[in-house]
Structures are given as C-alpha cells and as structure tokens.
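Q: Predicted structure and sequence below. I'll ask about it afterward.
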Amino acid sequence: MDVSRSRRVIVAGAGVAGLCAALAFARRGFSVDIFERSKKLEEVGAGLQLSPNATRILGSLGVLETLRPLAVAPRGVVLRDARTLDELGCVPLGEAAERRWRAPYLVAHRADLQKALLETAAAQPSIQLFTGAAVAGFEHQDQGITVSLRRSGTVEKQGALLLVGADGVWSALRGSLQPGQPSRFSGELAWRTVVAADSEIGRAFAATGARSVVTAFLHSDFHLIAYPVRSGAAFNLVAFTPGQRIAEDWTGNADAALLERAMRRTAPTLARLAREAGPWTAWPIHTVRPDAPWTAPGIALIGDAAHAMTPFAAQGAAMAIEDAETLAAFVAANPANAPAALTAWERTRRPRVAAVARRGAFNHFAWQAWGPVAFARNLVLKTRSPEKLAADMDWLYGWNTEIG
C-alpha cells in the first residue's frame with residue numbers, strides 16, 4: 001500500500017460522530033476526507049447532554065474551548081415528581097462534577113456543538129469536508145479499502161486505509177455489515193421543542209426551579225427532560241411517550257394531542273407546556289440489534305450507525321464521541337494491521353456500550369414507573385444522599401479512553 005493511502009481515512013457523515021472521528025484521526029497524523037450526503041449542513045435535532053466522559057475527549061480534540069461559551073454547565077440533575085413538582089433526588093454537577101470526574105458536565109444545542117466541531121476541523125489542514133457527496137459502495141483490498149463516491153452525478157473511486165461509517169441511525173452503510181437488519185422502531189416517540197427563556201412560557205417554566213439544572217419530570221405516562229441551552233437563553237424540552245411509528249427522520253409529524261393527553265394529569269405548569277410550548281417535533285426512537293457487527297476489513301461503523309440505542313441514559317452523543325476517539329487510538333496503535341485493530345476495538349467497546357444501554361433501559365423503567373414501584377423509587381431517591389447518587393455515575397462519567 002502506498003504511504004498516502006496507508007495514512008488516509010474516509011469518513012461518511014458530518015454529524016457529531018463523523019466530525020469527532022475526523023479530529024481524532026487527524027490528531028494522530030492521518031489525513032481525513034469527510035463526505036456528507038447533504039448539500040448543506042443544517043441544524044437538526046435540538047439539545048444534548050455532554051457528560052464528563054464526552055467533554056474530556058472534546059477537550060483533547062480542541063473543541064471544548066470553542067463550545068463552552070455556547071453551552072451551560074448545569075448545577076445538577078434534579079428528579080421531580082411531575083404531578084407535584086416535589087424534588088425526589090439530585091445529582092450534583094457544576095464545579096462538583098469537574099472536581100469529581102475531572103471534566104465539566106455541559107448541556108448545549110446540537111447546532112452549537114456541530115458549529116464548534118466544524119470550526120475546529122476547518123483549522124486542521126489534514127481534514128477536508130465535501131458536501132453533496134455520498135458513499136455509493138466500497139471494495140475490500142488486501143490492505144485498506146476502495147470507496148466509490150457519488151458527487152455531482154458522477155461516481156469516482158478513492159483508496160484509503162479505512163472507511164468510517166458515521167451516517168447515523170438510518171445509516172446507508174449499515175446494510176453492508178448488517179444485511180437485512182435495518183434499525184427498528186422502539187415504540188417510543190421523543191417530542192422536542194425549544195422555548196425562549198424570556199418568553200412568558202419560558203419564565204413560567206423557570207419558576208419550577210429548572211433555570212440552571214437538568215430536570216427530569218417523572219410520570220407513569222411519560223417523562224420530560226428539560227435544561228437550558230444557548231448560554232441560558234432558551235430551554236430545551238424533550239418528552240418521551242409511547243407512540244406509533246412515524247416518518248424516519250428528524251422532523252417526523254405526529255399529533256401533539258398525544259403528548260397533551262399524556263401530560264394532562266400533571267402540575268399546571270407542565271400541562272401548560274404541552275399546550276403552549278410547541279410546535280413540538282416528534283422523533284421516532286430507533287435502535288439497532290445489539291449483537292450486529294460494527295466492523296469488517298477496511299470499514300467501521302460508529303455512533304448510531306453501529307449501535308443506536310434509546311436515549312434514556314443521555315449518552316447518545318457521548319457514545320459517538322467515545323467511539324471516534326477510541327477507534328482512532330486503536331488504529332493508530334496498529335496501522336500495519338488495521339483489521340486486527342478494528343477487531344480489538346469492537347471487542348473492547350461492546351461491553352461499555354452494552355452497559356450504557358442497560359442503564360438507559362433501567363432509567364426508562366424507573367422514571368415511568370407507577371403504583372408500588374413508583375412509591376419504592378421515590379423512597380429510595382429521597383433517602384440517598386447527593387454524594388451517593390453521584391457515586392452511582394462514577395463508572396459512566398469517570399471513564400477514560402486508555403486502550404490498555
């Protein structure tokens with residue numbers, strides 16, 4: 001393999017996973033070309049939580065300095081009863097998070113994170129971004145891969161050491177590794193909206209105590225996660241309810257009356273949010289079969305393309321960021337035998353991702369519990385100290401990227 005090809009990586013997708021992968025490989029001396037199917041990078045999604053296991057990596061990639069002024073460092077994660085607004089428990093964050101986990105816990109608008117990633121990538125001469133360009137296919141080689149790229153109506157072939165599939169939950173590349181295994185609708189809808197903090201409904205919501213924290217409002221019919229974004233100028237709201245399958249994209253249409261019905265037996269402020277905080281965008285939550293492969297010679301899937309999971313542990317972005325950093329580390333440690341590096345990376349990552357998925361499933365069960373289970377949950381939360389609640393998250397937030 002020629003030297004230029006042996007140090008070249010092609011990334012499919014310019015979202016959080018793809019941009020982090022580009023930065024992680026570039027930091028280790030690789031040249032990276034990112035090919036994004038869309039002709040224009042648009043704001044998609046809404047807010048996201050970036051726990052210390054993610055921000056620690058963003059710091060090493062040079063992104064955190066740009067992102068931090070656009071984000072908010074919440075004082076804690078507060079769990080509240082949606083009917084009474086009573087506080088059930090609190091995980092301290094803010095300065096306590098930085099001391100404990102050696103990195104900040106931030107909440108931000110997805111577009112602000114993407115902006116910070118793009119600005120950092122643009123400053124790297126070894127990274128090039130091409131929009132309106134899609135990966136149309138690929139062929140394995142003895143050492144590396146040949147990728148077919150469709151741009152401006154023509155198809156060209158380019159060689160690289162590795163193709164990184166970072167094209168999201170509806171990945172076009174997943175079918176090559178997981179034939180007949182598309183993502184599956186989980187039966188849950190995420191209802192998203194952003195409200196201005198200085199609007200009437202924003203001020204009413206801030207009065208619930210949600211101005212400077214991440215708040216989880218718990219109810220048997222739904223749960224609602226809320227936190228400030230855009231340097232505190234707005235609140236990101238996302239509510240989760242059971243629902244039927246809708247259009248598979250970020251802007252699916254569903255009747256918001258479903259959300260209003262789920263939230264009608266709540267505190268007046270929350271019921272008002274359901275009616276007035278819209279328009280709500282419904283997002284169908286999809287998952288990927290957990291035992292499906294992520295790698296093959298010359299190709300690796302990362303983030304939602306590999307292991308889309310429910311968002312109830314607030315770790316979707318963090319897992320993509322961890323994937324990007326660890327994949328680059330494994331390949332850089334053994335570039336002469338990239339297939340072995342990919343196998344080792346997947347074997348190492350799987351237990352971590354599986355543990356996060358289990359935590360998300362547990363959160364969903366606990367947060368939308370009812371009857372005796374909800375009573376027991378509330379009792380446990382009220383009797384556990386903030387210190388113990390924080391300690392429960394050490395395995396997740398205190399994780400580091402050492403490959404051993």
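A: Thanks, I have it.
Q: Counting by contacts, list what the strand or helix carrying Leu342 packs against.
A: Here Leu342, judged by DSSP states H and E, is contained in helix 338-367. Using 3 or more Cβ pairs under 8 Å, 6 or more residues apart in numbering; DSSP states H and E, the elements in contact with helix 338-367 are strand 295-296, strand 299-301, helix 316-333, helix 394-397. Any C-beta I mention is one placed from the backbone N, CA and C, and that applies to glycine too.
Q: Check those for me and report the most buried one.
A: Of all the helices and strands packed on helix 338-367, strand 299-301 has the most neighbours on average by mean count of other Cβ atoms under 10 Å, namely a mean of 27.
Q: what about that strand, average pLDDT?
A: When pLDDT is averaged along strand 299-301, the result is 97.
Q: now for it, which elements pack on it?
A: Checking 3+ Cβ pairs under 8 Å, 6+ apart, strand 299-301 ends up next to strand 162-165, helix 174-177, helix 338-367.
Q: returning to that earlier point: from the chain's centroid, how far away is the helix holding Leu342?
A: 14 Å (Cα atoms, centre = their mean, to the nearest Å).
Q: what is the rounded mean pLDDT of that helix?
A: Averaging pLDDT along helix 338-367 gives 95.
Q: Name the next helix or strand downstream of that helix, please.
A: Per DSSP H and E, the first helix or strand lying C-terminal to helix 338-367 is helix 371-383.
Q: Tell me which helix or strand comes right after that next one.
A: Later in the chain than helix 371-383, the nearest helix or strand by DSSP H and E is helix 386-391.
Q: in that following helix, what counts as buried?
A: Within helix 386-391, the residues that count as buried by 16 or more other Cβ atoms under 10 Å are 389-390.
Q: care to break this protein down by domain?
A: As given by automatic domain parsing, the domain ranges for the chain are 3-37+132-182+288-368, 72-106+186-287+369-399.
Q: so how far is the last one from its chain's centroid?
A: Read that as domain 72-106+186-287+369-399. Going by Cα atoms, centre = their mean, where domain 72-106+186-287+369-399 is centred and where its chain is centred differ by 16 Å.
Q: Ok, the first one next?
A: Put simply, domain 3-37+132-182+288-368 sits 14 Å off its chain's centre (Cα atoms, centre = their mean).
Q: Just the buried residues of the helix holding Leu342, please?
A: 338, 341-342, 344-346, 349, 352-353, 356-357, 359-360, 363-364, 366-367.
Q: Strands of the stretch 51-200 of the chain, start to end?
A: 76-81, 87-92, 106-109, 127-131, 133-141, 144-151, 154-160, 162-165, 184-196 (DSSP state E, counting those that start in this stretch).
Q: Of these, which is nearest Ala26?
A: With distances scored as Cβ to Cβ, the stretch of these nearest to Ala26 is strand 127-131 (5.2 Å).
Q: ok, and the closest non-adjacent residue to Arg8?
A: Ala160 (4.4 Å; Cβ to Cβ, 6 or more residues apart in numbering).
Q: From what I see, the one you found and Gln143 are in contact.
A: No. Ala160 lies out of contact with Gln143 (Cβ atoms under 8 Å); the separation is 10.7 Å.
Q: Tell me where the model's unsure across the stretch 1-150 of the chain.
A: Residue ranges of the stretch 1-150 of the chain with pLDDT under 70: 1-5, 42-45.
Q: what about the helices in it?
A: 3-6, 16-27, 52-60, 64-67, 94-101, 110-122 (DSSP state H, counting those that start in this stretch).
Q: Would you format those helices as CSV with distance to Ala271 and mean neighbour count included?
A: Formatted as CSV, the helices of the stretch 1-150 of the chain follow (distance: least, Cβ to Cβ, whole Å; neighbours: other Cβ atoms under 10 Å):
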stretch, distance to Ala271, mean neighbour count
helix 3-6, 60, 13
helix 16-27, 33, 27
helix 52-60, 33, 24
helix 64-67, 34, 18
helix 94-101, 30, 17
helix 110-122, 27, 20
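Q: between the ones you listed, which gets nearest to Thr154?
A: The nearest among the helices of the stretch 1-150 of the chain, by Cβ to Cβ, is helix 3-6 at 21.5 Å.
Q: Centre of the chain to stretch 96-107, how far?
A: For stretch 96-107, the distance to the chain centre is 18 Å (Cα atoms, centre = their mean).
Q: which residues are contacting it?
A: Residues outside stretch 96-107 that contact it (Cβ atoms under 8 Å, 6 or more residues apart in numbering) are 47-53, 55-56, 59, 64, 67-68, 71-74, 93-94, 214, 227-229, 236, 390, 394, 397-398.
Q: Just the CA atoms of it, as PDB, please.
A: What follows is stretch 96-107, C-alpha atoms only, in PDB (Å, rounded to 0.1, in the frame of the first residue of the first chain):
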ATOM      1  CA  ALA A  96     -18.600  19.300  41.900                       C
ATOM      2  CA  ALA A  97     -18.600  17.400  38.500                       C
ATOM      3  CA  GLU A  98     -15.300  18.900  37.400                       C
ATOM      4  CA  ARG A  99     -13.700  18.000  40.700                       C
ATOM      5  CA  ARG A 100     -15.100  14.500  40.800                       C
ATOM      6  CA  TRP A 101     -14.800  13.500  37.200                       C
ATOM      7  CA  ARG A 102     -12.100  16.000  36.000                       C
ATOM      8  CA  ALA A 103     -14.200  17.400  33.200                       C
ATOM      9  CA  PRO A 104     -17.300  19.500  33.000                       C
ATOM     10  CA  TYR A 105     -20.900  18.400  32.500                       C
ATOM     11  CA  LEU A 106     -22.400  20.600  29.800                       C
ATOM     12  CA  VAL A 107     -25.700  20.900  28.000                       C
END
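Q: That's all I had, so thanks and see you.
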